[in-house]
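> Sequence first, predicted model second:
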Amino acid sequence: MTLSGDFEGENLVTNETPHLFCFGLGYSAGVFAGACSAQGWRVSGTHRGLDGPDQPTKEGVNLYPFDRTTPFTESQVLEDVTHVLVSVPPDGDGCPVADLLGADIAQLPNLTWLGYLSTTGVYGDTDGESVDENAPLNPSSDRSRFRVNAEKAWIKLWRGNDIPVHIFRLAGIYGPGRSPLDRVRSGNATRTDKPGQLFSRIHVDDIATVLRASIDRPRPGGTYNVCDDDPASPADVVAYACEILGAETPPLVAFEEAEKTMSPMALSFWRDNRRVDNTLIKKELSVRLAYPDYHRGLAAVLKVETS
């Protein structure tokens, strides 16, 4: 893909080819890596396994195994790295990359930018109230608490070791091969009615645009909410997915009934209700989202998947 959105500012100019290293080359990082590779960057990264639904395109990308139990032994690969993206999920012990490789990353001579992919889940439940980057962190699940701890670890490395860390709190991610369209096609789509419940989301191509905008306008220690302009009910999103696919719209089911069959992870998502403010990526990074709402985003996904 090419960077889908738009941002004002000059492109990164260096005398050497930029080298991006992605710790965790899954869905979002894979799309960003592909965009950078298409612009002539060198790209390397890690992956826990070479099979699975988030399997990235690896053409031209050198991959190395890494997780908390699989030490990264190719330290020489990092010597000329200019940019690092961390999307490895944290665990109960923290962020494996910060814990095991933070000191090594601090010594990289050419590093100009590091991005850590976090989640808007760190804000917890605000009963539908809006949150910006200065809002208190009040995670309501272990998964989000782990993200808070990982953010703190990276900020500590920025303050203590001058690593150019940037935190990106991502809303619900969708894009080709990973959207409500898949559930509609499979016949597994449902619509849950919980009045006032809103979720924020972001198209994967717009994530790549935000990351590149940050690279061109770095602010070490900065934190950014990454979401579109249209927090919406999941039921409305599924209804639109059905509409553009020409499929029958599932009936609304009251949350009190639907929750009886929800998984613990699904229930944890429904526990939080908030609007996420994305003003900062527009004001500071001059980002113009290609898909500022789910209508345009899902229509674009359908076009890609049927072309």
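Looks like it arrived, so ask away. Residues are numbered from 1 along each chain as shown.

> which residue ranges form the helices in this protein?
Counting by DSSP state H, the chain has these helices, from start to end: 27-38, 96-106, 142-161, 180-186, 204-216, 234-245, 255-258, 264-271, 279-283, 294-306.

> Turn those helices into CSV, columns for mean pLDDT, distance to residue 47 and mean neighbour count.
The C-beta positions use only the backbone N, C-alpha and C, and glycine is treated the same way. As requested, these are arranged in CSV below (pLDDT from 0 to 100; distance: least, C-beta to C-beta, whole Å; neighbours: other C-beta atoms under 10 Å):
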stretch, mean pLDDT, distance to residue 47, mean neighbour count
helix 27-38, 95, 9, 23
helix 96-106, 96, 13, 18
helix 142-161, 97, 19, 18
helix 180-186, 98, 22, 17
helix 204-216, 98, 17, 24
helix 234-245, 98, 30, 18
helix 255-258, 96, 35, 13
helix 264-271, 90, 22, 12
helix 279-283, 98, 28, 15
helix 294-306, 98, 23, 17
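
> wouldn't residue 239 be in contact with residue 192 here?
No: with contacts counted by C-beta atoms under 8 Å, residue 239 stays clear of residue 192, the gap being 11.8 Å.

> tell me, what's touching those two both at once?
Common contacts of residue 239 and residue 192 (C-beta atoms under 8 Å, 6 or more residues apart in numbering): none found.

> thinking again about what came up before, so which of the helices of the chain gets nearest residue 198?
In this view, the helices of the chain are compared for proximity to residue 198 by C-beta to C-beta, and helix 234-245 is the closest at 9.0 Å.

> Give me the angle between the closest one and helix 264-271.
Direction vectors for helix 234-245 and helix 264-271, defined by axes from the mean of the first three to the mean of the last three C-alpha atoms, to 10 degrees, enclose an angle of 110 degrees.

> what comes into contact with helix 234-245?
Taking C-beta under 8 Å, 6+ apart as the criterion, the residues outside helix 234-245 that touch it are 179-181, 183-185, 189-193, 197, 199, 201, 247-250, 252, 294-295, 298-299, 302.

> what's the spacing between the residue most central in space within the chain and residue 116?
Nearest to the mean C-alpha position of the chain, by C-alpha atoms, centre = their mean, lies residue 170 at 4.5 Å. Applying C-beta to C-beta, to the nearest Å, one obtains 11 Å for the distance of residue 170 from residue 116.

> hmm, back to that, what separation do you get for the residue nearest to the centre of the chain and residue 89?
Computed as C-beta to C-beta, the residue 170 to residue 89 distance reads 12 Å.

> swap in residue 23?
Between residue 23 and residue 89 the distance, using C-beta to C-beta, works out to 11 Å.

> Between the two, which has more neighbouring residues?
More neighbours sit around residue 23 than around the other of residue 23 and residue 89, counting by other C-beta atoms under 10 Å; the figures are 26 against 16.

> Isn't that one up against residue 85?
Yes: contact status for residue 23 versus residue 85: in contact at 7.1 Å, counting by C-beta under 8 Å.

> can you map out the strands along the stretch 51-200 of the chain?
Per DSSP state E, counting those that start in this stretch, the stretch 51-200 of the chain has strands spanning 62-65, 83-86, 113-119, 130-131, 165-170, 172-174, 191-193. These are given in chain order.

> list the contacts for the nearest residue to residue 208 once chain neighbours are set aside?
If you skip the residues right next to it in sequence, residue 208 has residue 32 as its closest partner in space, 4.3 Å away by C-beta to C-beta, 6 or more residues apart in numbering. If you count contacts by C-beta under 8 Å, 6+ apart, residue 32 has them with 22, 85, 207-208, 211-212.

> 10 Å instead?
Under the criterion of C-beta atoms under 10 Å, 6 or more residues apart in numbering, the neighbours of residue 32 are 1, 3, 20, 22, 25, 43, 85, 87, 115, 117, 204-205, 207-212.

> Please report how far residue 251 lies from residue 222.
Residue 251 sits 44 Å away from residue 222 when distances are taken as C-beta to C-beta.

> more crowded one of those two?
Comparing residue 251 with residue 222 by neighbour count (other C-beta under 10 Å), the higher total belongs to residue 222, at 18 against 8.
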